[in-house]
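Undergrad: coords please:
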Amino acid sequence: MAQHTISASRVGALLGVDPRKSPLALYHELKGEIAPMADNEVLMEGREFESAICRIACRKYELVVETQGQTLADGQITGTTDYVVKEVSTGKTVVLEIKNTRHGSVGDGQWGDAGTDVVPLHYWFQVQVYTWLLRKSNPEAAEYGLLAAHLNSGTVLYKISLDMKVIEKVQAEVAAFVQRLETDNPPDPKDEADMRSRWLVREEAVAQGGMEQLEWCRTLRALGEARRSIEKQESGLKTLLLGFAKECSKITVPHPTTGEPIIVATLGCDRQFDATKFQHEQPVLASMYMKLDTTRLGKEQRALYEQYMTRPDTALDQKRTIRIKEVEL
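TA: Okay, here's the model as predicted:
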């Protein structure tokens, strides 16, 4: 079995602090059970802008690029830095992570003043890990990392000091997560059915996703369309077989080798329950077993219908459905 590793950019998801990806989604992604997000124009533009943000940060904060895309690893943790730079003022070699956020401003809660370490938590962990990995390969490197973020207010540089207690915690969590991967033990909730019963719906609440969630919806819609296409083909083949069999209950064909007739299909009669006769002959039982047509009641007597609509008291009592909007994605 191949040894799993966790990249620095995924540590936030592993720890449950990345708003774009849950630990469960990361598990399924690393197991190959969720297709990787397809490249798109937004991602390609983001990569193109990284070099421009780096140049601005270097000019604005007196940094000199030493390497780009340096791959680092230690045990089960890996990382490929955006840049490794040298600070002109200190001569220190430092990790420089680039974030082309296209939103957010200094002082809005997620982003602090320049020079502080107030950044979104998943980015904070990412720079921690990169800094630790760089110092493993170069002990003379700085005991802090830099993050240059392109915000609404321009390119701002943040400084994140290495905390070895945090790194020890990350190492333990990575080891536990890799153990999950290698023993097929996903984090809770374990699957889509389990996921449905975890949270009660809060009306008007909006879960703000990103490109990855858009890709999930695209894939789910494509799978639904493929399923409907298969069901249509299945129905067509059933029609052909039923038309061929007519009133017969079995279909035989010659064995491809011996020529002996073999049964390849059986067709039962299409029996239906005679509800009218049952109601007439068993009125007491009929009142107990006949199903109320709630759809019709809701259409014809909406006010009365709403009186009997209740919401579940707990998540386990609810049944949730997923509907993909018929919009151009």
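Undergrad: so what's Leu133 closest to, chain neighbours aside?
TA: Nearest residue to Leu133, sequence neighbours excluded (CB to CB, 6 or more residues apart in numbering): Leu72, at 3.8 Å. Bear in mind the C-beta positions are built from the backbone N, C-alpha and C, glycine included.
Undergrad: state the phi and psi torsions of that neighbour.
TA: phi -130, psi 150 (degrees, to the nearest 10).
Undergrad: which secondary structure elements does the helix ranked longest in the chain contact?
TA: Taking DSSP state H as the criterion, the chain has its longest helix at helix 211-245. With contacts taken as 3 or more CB pairs under 8 Å, 6 or more residues apart in numbering; DSSP states H and E, helix 211-245 sits against strand 250-254.
Undergrad: quick check: angle from the strand it packs on to helix 211-245?
TA: Per axes from the mean of the first three to the mean of the last three CA atoms, to 10 degrees, the angle that strand 250-254 makes with helix 211-245 is 90 degrees.
Undergrad: and the helix or strand just after strand 250-254, which residues are buried?
TA: Moving toward the C-terminus from strand 250-254, the next helix or strand (DSSP states H and E) is strand 261-266. Judged by neighbour count (16 or more other CB atoms under 10 Å), strand 261-266 contains no buried residues.
Undergrad: any idea of the angle strand 261-266 forms with helix 211-245?
TA: Between strand 261-266 and helix 211-245, the angle comes out at 130 degrees (the same axes, to 10 degrees).
Undergrad: name the helices or strands packed onto strand 261-266?
TA: strand 250-254.
Undergrad: for stretch 78-87, measure first residue to last.
TA: Terminal residues of stretch 78-87 are spaced 24 Å apart (CA to CA, to the nearest Å).
Undergrad: and that stretch, how far out from the chain middle?
TA: On the basis of CA atoms, centre = their mean, to the nearest Å, stretch 78-87 sits 27 Å off its chain's mean C-alpha point.
Undergrad: other residues contacting it?
TA: Residues outside stretch 78-87 that contact it (CB atoms under 8 Å, 6 or more residues apart in numbering) are 5-9, 50, 54, 58, 62-73, 92-98, 129-130, 133-134, 142, 146.
Undergrad: just the buried residues from those, in PyMOL please.
TA: In PyMOL syntax, the buried subset of the contacts of stretch 78-87 is picked out as below (16+ other CB under 10 Å):
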select buried, resi 5+6+7+8+9+50+54+58+63+70+72+93+94+95+96+97+98+129+130+133+134+142+146
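Undergrad: sorry, back to before: in the longest helix of the chain, which residues are buried?
TA: By neighbour count on 16+ other CB under 10 Å, the buried set for helix 211-245 is Glu215, Trp216.
Undergrad: pretty sure Gln126 contacts Ser9?
TA: Yes: assessed by CB atoms under 8 Å, Gln126 is found in contact with Ser9 at 5.7 Å.
Undergrad: avg pLDDT for stretch 18-27?
TA: Across stretch 18-27, pLDDT averages out at 88.
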